[in-house]
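Q: Build the 3D model from these lines:
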Amino acid sequence: MFDQLSERLQKVLKYLRGEAKITEKNMAEALKMLRLAFLEADVNYRVVKDFEERVKAKALNQEVLQSLTPAQQVIKIVRDELADILGSEDKPLNFASTPPSIFMLVGLQGSGKTTTCGKLARWAVGLHKNPLLVSFDLKRPAAQDQIKMLAGQLNLPFYGMAPAQMAAPERTLKELVQHTRNHGFDPLIVDTAGRLHVDDELMAELRLVRDILNPTEVIYVGDAMTGQDAVKSAKAFEDKIGLTSVILTKLDGDARGGAALSIVSVTRRPIKFIGLGEKSDQLEVFHPDRMASRILGMGDILTLIEKAEEKADLKEAEEMARRLRKEEFTLDDFRRQIVQMKKMGSLSSLVGHLPGTGMFKGLAKAEVDDRKIVYFEAIINAMTPGERANDKIINGSRRARIARGSGRPVQEVNQLLKQFVELKKMMKKPGFKKMLGSIPRSR
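A: As a prediction, the model looks like this:
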C-alpha cells in the first residue's frame, strides 16, 4: 500500500534532514521532488499544485527558517499537509438519533460494493448493533443472491424481495424501512445497482432509492486500484446523487495511492473506511493523520495497538511482557505469539505499520511471506516440550526429526532457529527494553 509514493517521499525527507538549513533554493528542490512523487503516484494535478503552494508558504516562514531544527519543522509541515489532503481529522460514520440508521452504498460494478456491505455489517456487530442486509437493483434482481449468500456466511439477517416487488419501488422500500424498525434492526445496509460506467439510467435509479429511503449515509465505494478513474466516478456520484462519505477498497493492492490522495479534495467528502482484502474483517477505520505518518515512513503504532487490544489476549500479553523483561523467551512463547499475530491479520499488513527508522529500520520494508508463519508454527509443534523450552539442545539429529515431523525441509528448521536466536538478541537491546518498560505490569 502506497509503496511507490512512500519510497519517493522518504527520499525527500532524507534530503531535507541532510540540509544544515532551509533556503529558497533547497526548498525549491524539495518541492520539485514532492511534485514528481505525487504526479507519478497518479495524484490529481490540482491537488498537487495546492499542496505544493501550502507547503512552500509555511516552510519559508521566518519562524520556521530561524528555528533550531528547520528541517524537522518542514517535515512536520509536509506531514500535516499530507494529513490535510487525506481529510485532516477522523470522521466516524453517522448513526441516526432515532433508529434505524440507513447506509446506502453506491458505486460502479466491480468496486467491491457487495463485499463492503458485509464488512460494514460485521463492523456494526462489533459495536453491538443488529444490522440488516438488503440489495435493491431494479435491473438485476439476481444481485440479491450475492448479498443473501454473504449474509448467510456471516450468519446475519437478510431481507429478500420478489421480482414483482421491484416493480413498485416506493411501496417496497417503505415496507423495508417499516420491517427494519418493527424488528429492531439497526443499521439497515442497502446494496444498490452498479454499472461498468456512470450513466443517466443508473443515476435516476439511485436518486429514486435515495429519495424514498432518506439514508443517514450515502457511501461511495471506490476501487483504489483504478486510480483517477475512481476519483472521477466519485465526483460524478457526488454531483448527481450527493454523497456523505467514501470507502476505498483494494487499498492493499494500490502501490501508488493516487485515489486516496485525491478523492477527499475533489469530492469534499471524507474517507471513513478502507478495505484491505476480501475477508469480512479486513475493513479499517480511516485515520488521515496515521495514514500520513505511514506514507512518510513514520509508522502507525496506534493502529497496531488497537488491533492488539481488539484481537489479542491481554492477560497473555502482560505475562509475555513479564517473561521478556526477565529474558525468559522460549520457542513455546514464540509459538504463542505466532497464534496471537495470526488473529490480528497478515504479518505483511502488521509489518507495514512499523516505522521505517530506529530499531525497526529495514523490517518495515521487508518482504514478508505469510506462509512462513504457518510453517514456523508447524515446525515448533513438531518439537518436544524440552526442545521448545531450551533451543540449545536441538542438534543435527533432532533437527532432522523435527523436519520429518513437520513436513518441512531441514533448511527451514535451521532458518527458524537462526531467526529465533536473532530475535532474542534484539530483545536484549536497550531500545527494546525501553519499549517493554512502557507496557503496564500485572498487579
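Q: domains for this protein, by residue range?
A: Annotated domains of the chain cover 3-85, 102-287, 301-437 [automatic domain parsing].
Q: Ignoring the adjacent residues along the chain, who's closest to the most centrally placed residue in the chain?
A: Closest residue to the average C-alpha location of the chain: residue 284 at 4.7 Å, with C-alpha atoms, centre = their mean. The spatial neighbour of residue 284 that comes closest, neighbours along the chain excluded (C-beta to C-beta, 6 or more residues apart in numbering), is residue 274 at 5.3 Å. The C-beta positions use only the backbone N, C-alpha and C, and glycine is treated the same way.
Q: repeat for residue 99
A: Leaving aside its sequence neighbours, residue 99 sits nearest to residue 186 (C-beta to C-beta, 6+ apart; 4.0 Å).
Q: With residue 59 instead?
A: Nearest non-adjacent residue to residue 59, counting by C-beta to C-beta, 6+ apart: residue 74, 4.7 Å away.
Q: in the strand or helix carrying that neighbour, what counts as buried?
A: Using DSSP states H and E, residue 74 sits within helix 70-85. For helix 70-85, the neighbour count (16 or more other C-beta atoms under 10 Å) marks 70-71, 73-75, 77-79, 81-85 as buried.
Q: so the residue nearest to the centre of the chain sits right up against residue 277, yeah?
A: No: Residue 284 is beyond contact range of residue 277, at 10.1 Å (criterion: C-beta atoms under 8 Å).
Q: counting contacts, what elements does the top strand by length along the chain pack onto?
A: Using DSSP state E, we find that the single longest strand of the chain is strand 217-223. Applying 3 or more C-beta pairs under 8 Å, 6 or more residues apart in numbering; DSSP states H and E, we find strand 217-223 packed against strand 102-106, helix 228-240, strand 245-249.
Q: centre of the chain versus stretch 116-123, how much separation?
A: How far stretch 116-123 lies from its chain's middle: 14 Å, per C-alpha atoms, centre = their mean, to the nearest Å.
Q: could I get that stretch in CSV with only the CA atoms?
A: C-alpha atoms of stretch 116-123 as CSV (Å, rounded to 0.1, in the frame of the first residue of the first chain):
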residue,chain,number,x,y,z
THR,A,116,-18.1,-3.9,1.7
CYS,A,117,-21.8,-4.3,2.7
GLY,A,118,-20.8,-7.5,4.5
LYS,A,119,-17.7,-5.9,6.1
LEU,A,120,-19.8,-2.9,7.3
ALA,A,121,-22.4,-5.3,8.8
ARG,A,122,-19.7,-7.2,10.7
TRP,A,123,-18.2,-3.9,11.9
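Q: Identify the residues contacting it?
A: With contact meaning C-beta atoms under 8 Å, 6 or more residues apart in numbering, stretch 116-123 is reached by 103, 105, 131, 133, 147, 150-151, 153-154, 156, 189-191, 221, 247, 249, 273, 275, 280-283.
Q: picking up where we left off before, looking at the domains of the chain, which is nearest to residue 93?
A: Closest approach to residue 93 among the domains of the chain (C-beta to C-beta): domain 102-287, 5.4 Å.
Q: Quote the end-to-end distance of that closest one.
A: 23 Å (C-alpha to C-alpha, to the nearest Å).
Q: repeat for stretch 90-98
A: Stretch 90-98: ends 23 Å apart by C-alpha to C-alpha.
Q: Equivalent analysis for stretch 273-291, please.
A: 12 Å.
Q: buried sites along it?
A: In stretch 273-291, counting by 16+ other C-beta under 10 Å, buried: 273-277, 280, 282-291.
Q: Check stretch 201-209 too.
A: Buried residues in stretch 201-209, counted by 16+ other C-beta under 10 Å: 202, 203, 205, 206, 209.
Q: picking that back up, pick the one among the buried residues of stretch 273-291 closest to residue 398.
A: residue 277 (38.0 Å).
Q: Please report how far the closest one lies from residue 163.
A: In this view, residue 277 and residue 163 are 34 Å apart by C-beta to C-beta, to the nearest Å.
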